[in-house]
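In: Requesting a structural model of the entry that follows:
(chains A and B)
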Amino acid sequence: MGRKINSLLLEFANIHRFLMRFFREAVSPPYEFKEIIRQCYEVGWKSFPLIGLTGFIVGFVFTKQSRPSLEDFGATSWLPALISIAIVRALAPLVTALIASGKVGSQIGAELSSMNVTEQIDAMEVSGTNPFKYLVVSRILATTIMIPVLCFYIAAIGLFGGYLSIIGQDQLSLLSFFTQVFDKIAFIDVFAMTLRAIVFGFTIGFASCYIGYNSSKGTEGVGKAANSAVVASMFIVFIEELLIVQLLAVITPLIT
Amino acid sequence: MEKIKSNIDYNDAVIDVENLSKSFGDRQILRDVDLKLFRGENLVVLGRSGTGKSVLIKLISGLLKPDSGTINVLGEVVNDLKERELMQLRLKIGFSFQNSALYDSMTVRENLEFPLVRNKRNLTRAEIDKEVEDVLEGVGLSQAINQMPSELSGGQKKRIGIARTLILRPDIMLYDEPTAGLDPITCLDINTLINEVQERYRTSSIIITHDLACAKMVGDRMVMLLDGRFERQGKFEEIFDTDDARVKPFYDYNFIV
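Out: The predicted structure is shown next:
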């Protein structure tokens, strides 16, 4: 029991050291702009098709499933307002984070772990390149930048999916749909969505890099790292979602 | 095949290790080890698997931190250096990894360019291309320039790994098991390349191996790591002129069995 507590505390200390090193390396020159842009392309651009498809399905299905409940009250005209609140306040950041945890988290975890196993990280270090800055800082910054972008994208596609679901049964112009959508969204909602996406993006990048960079040696370590990166990212994202919702519930009345 | 005579300056130690100790958990790997590498020398470190040979060169290159002792490389104490100073020193040390450690997402050209473009930022495209072509020609693999590491054989990967370290023109080369897992003819090629590197680039090298043919062919001097200490040092014949049960099987397996 004592040994388990010790190893847990040691792990926390290592995470803390990794986090502090990230902030230190992120602000000190030289900056890896080229690698950050390349990682933004890998993390963001290559995720657009999957995120877009998922966003569309979520918007379409959510609207379809919500319709019967509103029909009971003769309130189907509230559908645009309902889906805008649901997508912007909750679904867009969460769905983006979960999809990115699976796609990007596993990719980063496996890639860094494989580089660790095959001594590529050591090779980088002995050839005068700071591997932490080049591999870790660039990836964490890329996920922190690109997850919010993907989140806005999924929100737009999700709303469009919702619109297509509505016009399957009702007559509604795109303009009037979006007018109703934006009527219901306040600045705080967009701010909350962006904040969530930034926090989730940082979490996915950080958890995946930490696990991949510190993975155990051997091919088994690569599989474990990919798996742990996804599980840890998703788990922390849910915990953060819970905390951010509580926090926003407290601060929203104060600023509106 | 015997080693050709090298141009060694025995008054100039490029690596000077004193009282070096390293352990992992309860396991003591190196115990108060002393070692000198002289300018122009090829020093072979022999020893069984798991005795800490690779740990020794990882300590010298600063990839691992020692528990105690000092490591002096080219006049600088590695364990006292700050991260940035260590990175500067590492540019003078070439490290050839056991499994080559080529960046598998890059082509051979990109692998060779990587240390160059990151450390010599003022070079033009033409100068980079020339350096890459020169060093590739030096290891006899000009035709592999656009191939991916996965398309290369084990011997070719070793050569590219060596070329990648040579591109920064290091003063010291550290070879970790350069012939491990290779067929005898490829081993011979790699050994020849190690000698050519010593001659052409005027490097001083530490070669970690348990391949005695390699040791005999490339080593000017040898040390044998036994139970965490260098217990035997000297020329090939001096090392194996013993009845020590920890040493004799090495020779017997390689040359008699």
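In: From here on, just use CA atoms for contacts and neighbour counts.
Out: OK.
In: Now do the helices in chain B.
Out: B:53-60, B:83-90, B:108-119, B:125-138, B:154-166, B:184-201, B:212-218, B:236-240, B:248-251 (DSSP state H).
In: who in the stretch 151-257 of chain B is up against chain A?
Out: Residues of the stretch 151-257 of chain B lying close to chain A (Cα under 8 Å from any Cα of the partner chain) are residue B:165.
In: In the stretch 151-257 of chain B, which residue sits nearest chain A?
Out: residue B:165 (7.3 Å; Cα to the nearest Cα).
In: nearest spatial neighbour of that residue, skipping sequence neighbours?
Out: Spatial nearest neighbour of residue B:165, excluding adjacent residues (Cα to Cα, 6 or more residues apart in numbering or on different chains): residue B:94 at 4.8 Å.
In: pretty sure that neighbour contacts residue B:163?
Out: No - taking contacts as Cα atoms under 8 Å, residue B:94 lies outside contact range of residue B:163: 9.6 Å.
In: which of the residues in the longest helix seen in chain A are buried?
Out: Counting by DSSP H, the longest helix found in chain A is helix A:219-255. By 16 or more other Cα atoms under 10 Å in any protein chain shown, the buried positions in helix A:219-255 come out as A:221-234, A:237, A:240-241, A:244.
In: ok, now stretch A:54-68?
Out: Applying 16+ other Cα under 10 Å to stretch A:54-68 flags A:54-60, A:62-64, A:67 as buried.
In: So which of those are in helices?
Out: Those of the buried residues of stretch A:54-68 lying in helices (DSSP H): A:54-60, A:62-64, A:67.
In: where's residue A:121 relative to residue A:214, distance?
Out: Residue A:121 sits at a distance of 11 Å from residue A:214 (criterion: Cα to Cα, to the nearest Å).
In: Assign the residue of chain A most remote from its centre to helix, strand or coil.
Out: Within chain A, residue A:74 marks the point farthest from the mean C-alpha position, 36.4 Å out by Cα atoms, centre = their mean. Following DSSP: H, G, I helix; E, B strand; the rest coil, the label given to residue A:74 is coil.
In: quick one: it from residue A:68, how far?
Out: Distance from residue A:74 to residue A:68, by Cα to Cα: 10 Å.
In: tell me the pLDDT at residue B:2?
Out: Residue B:2 carries a pLDDT score of 58 in this model.
In: Same check on residue A:150?
Out: 96.
In: For it, list the residues it contacts.
Out: Counting by Cα atoms under 8 Å, 6 or more residues apart in numbering or on different chains, residue A:150 touches A:44, A:48, A:51, A:96.
In: Show me which of the residues you listed is closest to chain B.
Out: Using Cα to the nearest Cα, residue A:44 comes nearest to chain B of the contacts of residue A:150, at 18.9 Å.
In: My guess is the closest one contacts residue A:147. True?
Out: Yes - contact between residue A:44 and residue A:147 holds when scored by Cα under 8 Å: they sit 7.2 Å apart.
In: The two: which is more packed in?
Out: residue A:147 (29 against 23; other Cα atoms under 10 Å in any protein chain shown).
In: For the spatially closest residue to that one that is not a sequence neighbour, grab the count of nearby residues.
Out: In space, and not counting its chain neighbours, residue A:147 is closest to residue A:201: 5.1 Å by Cα to Cα, 6+ apart. Applying other Cα under 10 Å, we find 29 residues neighbouring residue A:201.
In: Can you name the helix or strand that residue A:201 falls in?
Out: If you go by DSSP states H and E, residue A:201 is part of helix A:187-213.
In: hang on, the earlier thing: averaged pLDDT, the longest helix of chain A. What do you get?
Out: Mean predicted confidence for helix A:219-255 is 89.
In: so what does that helix touch, helix or strand wise?
Out: helix A:92-100, helix A:106-117, helix A:187-213 (3 or more Cα pairs under 8 Å, 6 or more residues apart in numbering or on different chains; DSSP states H and E).
In: and residue B:114, which of these is closest to it?
Out: Across the helices and strands packed on helix A:219-255, residue B:114 has its closest neighbour in helix A:106-117 (15.3 Å, Cα to Cα).
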